[in-house]
Every structure is written in structure tokens, then in C-alpha cells.
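Colleague: could you work out the structure for the sequence below:
(2 chains)
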Number of protein chains: 2
Amino acid sequence: MARYHMKKKDREITDSNELMEILKQGKYATISMCRKNEPYIVTLNYGYDENKNGLYFHCAKSGLKIDFINENPQVCGTIIEDLGYIADECEQKYRSVVFWGEMFFVENLEEKKHGIDVLINHLEKNPGKVKEKSIKSEQRYEDVGILRLDIKELTGKKRM
Amino acid sequence: MARYHMKKKDREITDSNELMEILKQGKYATISMCRKNEPYIVTLNYGYDENKNGLYFHCAKSGLKIDFINENPQVCGTIIEDLGYIADECEQKYRSVVFWGEMFFVENLEEKKHGIDVLINHLEKNPGKVKEKSIKSEQRYEDVGILRLDIKELTGKKRM
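Modeller: Numbers count the residues shown, from 1 in each chain, chains lettered A, B, ... in the order given. Here you go, the predicted structure:
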């Protein structure tokens, strides 16, 4: 993965707790994919799995993004905290992470269950309530598509 | 550019005024690039040029994103209006556009001036004030890097 040194050193986030905070507080990630040198972009709600240092997403069981990752699992993604535009300064306030990794369609039923669990725990304030409502049978798990993104490298940047 | 039909037809934005509104109201775009089948992602404040149906960005005069577009100008980008997560529903409210196009580093001084004008008019509430403050000499224009993205295709999606 190509990566140059950040030009504005004072904007780089190096504290791992702060990087973790951005991953844990974000609701959605935007992912850059490519196949045959053609770029594609998708934005998806996610759940962060701290043990695996990975993200889980849910999706349909077929479609363009799945075709892209089947051809090339290498992806580059970002999570952005928009802290507002600074009027008269031509500047945006933000915290963000950019990460490189590989993305896969999860086939294993046990891992699918785990992924859904991670997603609901991450996104919902009352995960118990949502799990009770949304997952009623084994069949339900089989119908849902789950993607996992393994993070290999992560950088952070901010302008407060 | 590969593009399948949207699965959830009721979420597709087909009204060109609404698509235009998202382009005009957004402050930043996230862009997916690729070279040698390797993906990269950047998020940048932009100005929308309605006449050219393109976006202008400012940037440093060298760096990774410029290397990527020099090798492969094809990009895919997105602008997202985050309308909030719907608790207990596992759903995100949003309006978004995804676009395909080509991105170039602008070398011509007159077009650079135009691009900066578009950017400041788009981003600022008092563009006159900002222009007066930020652009003091011809040299200043030469020092700034400007990118132009020509939009070739655009789709929109929403969940309200």
C-alpha cells in the first residue's frame, strides 16, 4: 500500500486511543474498491470489532460491491467526523481515519452471527431490544449478507 | 464504468433538481482512486461548477493523490448528507450522490483563478470578504494546487 508521509505533521493523529475513539464512535465508513483499474465507492454502516481489528457490514447477497471485492479484496476506506466548516477561513474542522485492508464476503454461519452481533452492539444504544426484534430464526441469518474488512494499516488526521 | 441497477428502487433519487441540491449544499466529497489495481481514498472540500458539471478542489502541488490521478484519471466519488442514525431500526437516514468521472491537476493560471473562485463562492457565506483576504497577488495563485473533476455520470440515493 502506497503511503507518503503526511505533509502537515501537526494534523496527524498518532495517539492510538484517539484513533480507536474515531473507529468506535463512527456510524458509517466509505470504502474505495477497484478492479481492472476501475474505481468504485460505497458507504455503509459498520460495526468495529476490536479483537479482530476489523469492520463488519451488512449488505445484499449479491451486487456490484461483492463483484469488486471478489476480483480484488484490497480496499482503502475512511471514517469522518465532520466537526463543521469554519466560515471565512476556507477550512473544515474534522477528525478522520484512513485505513487499508482486505474485504471479504462472510460465508460461515457462526461468523455471520458474530458479525451481526458486532454491528448491532456498535450501532444501537439498546442492542438487546434490537436483537430480539430483528433476529427471529436461523433462516434470517442465512438471508443476510455480511462483509468483513480486516484493517492492515490505519492513519488519522485532524483539524480542530 | 460498471453500474448495476439499484436494488431498492424507492431509494433512488431521479429528480435532477434534488441531485443538484445535494451537489450544491455539500461541503466535501470523498473520492476513490486507483492505480495498478490499488485503491486509494481522499476527502476534500469542493466547489461545484454548474456550467462545467464539475468539481474544483484545492490541494498541495504534489503528493499521493496527484500521483494516482496522473497514472489513472478515472475516479468515483460520493457526497453524503448525514441525516442521522435511526435508533432501534438498524437504519441510517441520508441523501447521497455517487459519481464517476475524470480528475485532473489544473496547470492553466486562468482556470486556476476560476477554480478558486468557484470554491470560495461554493463554500463561503461571504465570498467577497474571503477573496479579499486570501488572494493578494498573482504569485499566490501560482502557489496553490487546483484539481478539477469532470462528472460523467451521477446517481443519487436517499433514505429519509
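Colleague: ok, now which ones touch residue A:124?
Modeller: By C-beta atoms under 8 Å, 6 or more residues apart in numbering or on different chains, the contact set of residue A:124 is A:130, B:87-88, B:90. All C-beta atoms are positioned from the backbone trio N, CA, C, and that covers glycine.
Colleague: give me the buried subset of those residues.
Modeller: By neighbour count, with 16 or more other C-beta atoms under 10 Å in any protein chain shown, these hold A:130, B:90 as buried.
Colleague: show me what the worst-scoring helix or strand of chain A on mean pLDDT is packed up against.
Modeller: For chain A, using mean pLDDT, DSSP states H and E, the weakest element among its helices and strands is helix A:138-143, scoring a mean of 77. Counting contacts by 3 or more C-beta pairs under 8 Å, 6 or more residues apart in numbering or on different chains; DSSP states H and E, helix A:138-143 packs against helix A:109-123.
Colleague: which residues in chain A form helices?
Modeller: A:16-25, A:64-71, A:109-123, A:127-134, A:138-143 (DSSP state H).
Colleague: can you redo the ones you listed as CSV with distance to residue B:28?
Modeller: As requested, the helices of chain A are arranged in CSV below (distance: least, C-beta to C-beta, whole Å):
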stretch, distance to residue B:28
helix A:16-25, 16
helix A:64-71, 22
helix A:109-123, 23
helix A:127-134, 31
helix A:138-143, 36
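Colleague: those: lowest mean pLDDT?
Modeller: Lowest mean pLDDT of the helices of chain A: helix A:138-143, a mean of 77.
Colleague: run the chain-centre distance for that helix.
Modeller: How far helix A:138-143 lies from its chain's middle: 23 Å, per C-alpha atoms, centre = their mean, to the nearest Å.
Colleague: returning to what we had before: quick check: buried residues in the least confident helix or strand of chain A?
Modeller: residue A:141.
Colleague: do stretch A:76-93 as well
Modeller: Neighbour counts over stretch A:76-93 (16+ other C-beta under 10 Å) mark A:76-80, A:85, A:90, A:92 as buried.
Colleague: so which of these sits lowest on pLDDT?
Modeller: For the buried residues of stretch A:76-93, the least confident entry is residue A:90, with 82.
Colleague: can you pull the contacts of that residue?
Modeller: So residue A:90 contacts B:45, B:119-120, B:123-124, B:130, B:134 (C-beta under 8 Å, 6+ apart).
Colleague: just the buried residues of those.
Modeller: Applying 16+ other C-beta under 10 Å to the contacts of residue A:90 flags B:45, B:119-120, B:123-124, B:130 as buried.
Colleague: which among the contacts of residue A:124 gets closest to residue A:25?
Modeller: residue B:87 (15.1 Å; C-beta to C-beta).
Colleague: skipping adjacent residues, who's closest to the residue of chain A positioned farthest from its centre in space?
Modeller: Most distant from the centre of chain A: residue A:88, at 32.5 Å, with distances by C-alpha atoms, centre = their mean. Computed as C-beta to C-beta, 6 or more residues apart in numbering or on different chains, the closest residue to residue A:88 that is not its neighbour in sequence is residue B:130, at 5.7 Å.
Colleague: wait, the one you found sits on residue A:91?
Modeller: No: in this structure residue B:130 lies outside contact range of residue A:91 using C-beta atoms under 8 Å: 10.7 Å.
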